[in-house]
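S.K.: structural data only, the sequence is not supplied:
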């Protein structure tokens with residue numbers, strides 16, 4: 001016995017509603033409404049960049065993927081600042097990002113703390129791209145005894161950076 005093929009078609013009103021939903025979804029994507037709604041749900045700040053003219057940009061922030069740690073590059077017309085750098089193996093990618101950004105010398109290099117996932121690649125970065133000022137939080141005795149920390153301090157000294165130990169209330 002041959003099986004009877006059952007073809008069901010969607011009713012016209014359902015097709016119209018689906019097309020309407022796709023059009024509205026596309027408009028929401030293009031205008032940034034989805035991003036705004038997502039920020040409301042996730043609590044992530046929403047910044048509308050759809051109508052930003054390059055002349056309105058005061059500074060840029062580039063978040064460099066370094067795995068577990070963090071690495072953020074801030075650049076304005078006159079100042080560059082790198083905060084943290086991840087482990088040692090991240091140095092080539094960070095140096096490439098700095099070079100592509102036209103940075104030959106950092107104004108500030110900031111180490112939030114002396115764990116290797118925050119300062120691991122700083123010695124190599126400083127050997128390629130010096131910094132004017134290196135700002136670190138007060139390192140613990142344990143971190144001061146690590147090879148990563150001593151290499152970092154030696155590199156900062158070699159490039160003649162001003163080494164600043166940040167204290168509560170410090171502003172720059």
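M.R.: Thanks, I have it. Keep in mind that this is a model prediction, so the values were computed, not measured.
S.K.: other SSEs contacting whatever helix or strand residue 16 lives in?
M.R.: According to DSSP states H and E, residue 16 maps onto helix 12-31. Identification of packing neighbours for helix 12-31 by 3 or more Cβ pairs under 8 Å, 6 or more residues apart in numbering; DSSP states H and E yields helix 33-42. Quick note: C-beta positions are derived from backbone N, CA and C, even for glycine.
S.K.: so which elements touch the helix or strand just after the helix it packs on?
M.R.: Per DSSP H and E, helix 33-42 leads on to strand 59-63 as the next helix or strand towards the C-terminus. The helices and strands touching strand 59-63, judged by 3+ Cβ pairs under 8 Å, 6+ apart, are strand 72-76.
S.K.: contacts for the next helix-or-strand element following the strand it packs on, please.
M.R.: Counting by DSSP H and E, the next helix or strand C-terminal to strand 72-76 is strand 80-83. Strand 80-83 is touched from outside by 70-75, 94, 98, 101, 103, 105-110, 112, 125, 131, with contacts defined as Cβ atoms under 8 Å, 6 or more residues apart in numbering.
S.K.: try 6 Å this time
M.R.: 72, 73, 74, 103, 106, 107, 108, 109, 110 (Cβ atoms under 6 Å, 6 or more residues apart in numbering).
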